[in-house]
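K.L.:
Dropping the sequence and predicted coords here.
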Amino acid sequence: MSVGGVGGVGISSSQIDSMLTMLRNTAAQAAPPSTMSVGNVVVPTSSDGTNGVSGTSGTTATVSFADALKSSLNQVNQVQEKAQKLGDQFLLGDDKVSISDVMIAGQKASISLQTTVQVRNKMVAAYNDIMNMQI
């Protein structure tokens, strides 16, 4: 199965699955120590040692979608700012910054922005699908 893309170029579902797996692995590595991962959801841990999970069975996580979205956008912004800072340092002649560091940071920033745009597009499409449903 192929998902339509720009200019008729498609992305197969296996490519999407591999990208999602890679993103989840990266997110798990980048999660601060005050959080833990439960499935696909990062759950903040509190100072009293609880894991932010509520309910008697311990299966319901209390994670705000708005907070998760804000955190993701902040991470994308930080990657963009880091790439800009490295580029500026390189242009000013800083010997500690190599061209490969600048290029890698730029590519990371580009990929994170492209991923954010694709997630936004999927969210808008899902919203439109829900709004067009017959009741």
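P.N.:
All right, it came through fine.
K.L.:
Return the mean pLDDT over the longest helix along the chain, rounded to an integer.
P.N.:
Using DSSP state H to define each element, the chain has its longest helix at helix 99-131. The pLDDT scores in helix 99-131 average 95.
K.L.:
Also stretch 18-32?
P.N.:
The predicted model assigns stretch 18-32 a mean pLDDT of 71.
K.L.:
Break this protein into its domains for me.
P.N.:
Per automatic domain parsing, the structural domains of the chain span 1-30, 32-63, 64-135.
K.L.:
Report all helices and strands that the longest helix of the chain contacts.
P.N.:
Judged by 3 or more CB pairs under 8 Å, 6 or more residues apart in numbering; DSSP states H and E, helix 99-131 is in contact with helix 65-91. Bear in mind the C-beta positions are built from the backbone N, C-alpha and C, glycine included.
K.L.:
which strands and helices sit next to the helix it packs on?
P.N.:
With contacts taken as 3+ CB pairs under 8 Å, 6+ apart, helix 65-91 sits against helix 99-131.
K.L.:
now the helix it packs on and helix 65-91, what's the angle there?
P.N.:
160 degrees (axes from the mean of the first three to the mean of the last three CA atoms, to 10 degrees).
K.L.:
Return the set of buried residues in stretch 77-92.
P.N.:
By 16 or more other CB atoms under 10 Å, the buried positions in stretch 77-92 come out as 79-80, 83, 86-87, 90.
K.L.:
a markdown table please, covering those residues and showing pLDDT and distance to residue 106.
P.N.:
A markdown table is the format used below for the buried residues of stretch 77-92 (pLDDT from 0 to 100; distance: CB to CB, whole Å):
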| residue | pLDDT | distance to residue 106 |
| --- | --- | --- |
| 79 | 96 | 10 |
| 80 | 96 | 10 |
| 83 | 96 | 5 |
| 86 | 96 | 8 |
| 87 | 96 | 7 |
| 90 | 95 | 10 |
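K.L.:
What is the nearest of the residues you listed to residue 101?
P.N.:
For the buried residues of stretch 77-92, the minimum distance to residue 101 (CB to CB) is 5.8 Å, reached by residue 86.
K.L.:
a helix runs through residue 133, doesn't it?
P.N.:
No: Residue 133 is assigned coil when assessed by DSSP: H, G, I helix; E, B strand; the rest coil, not a helix.
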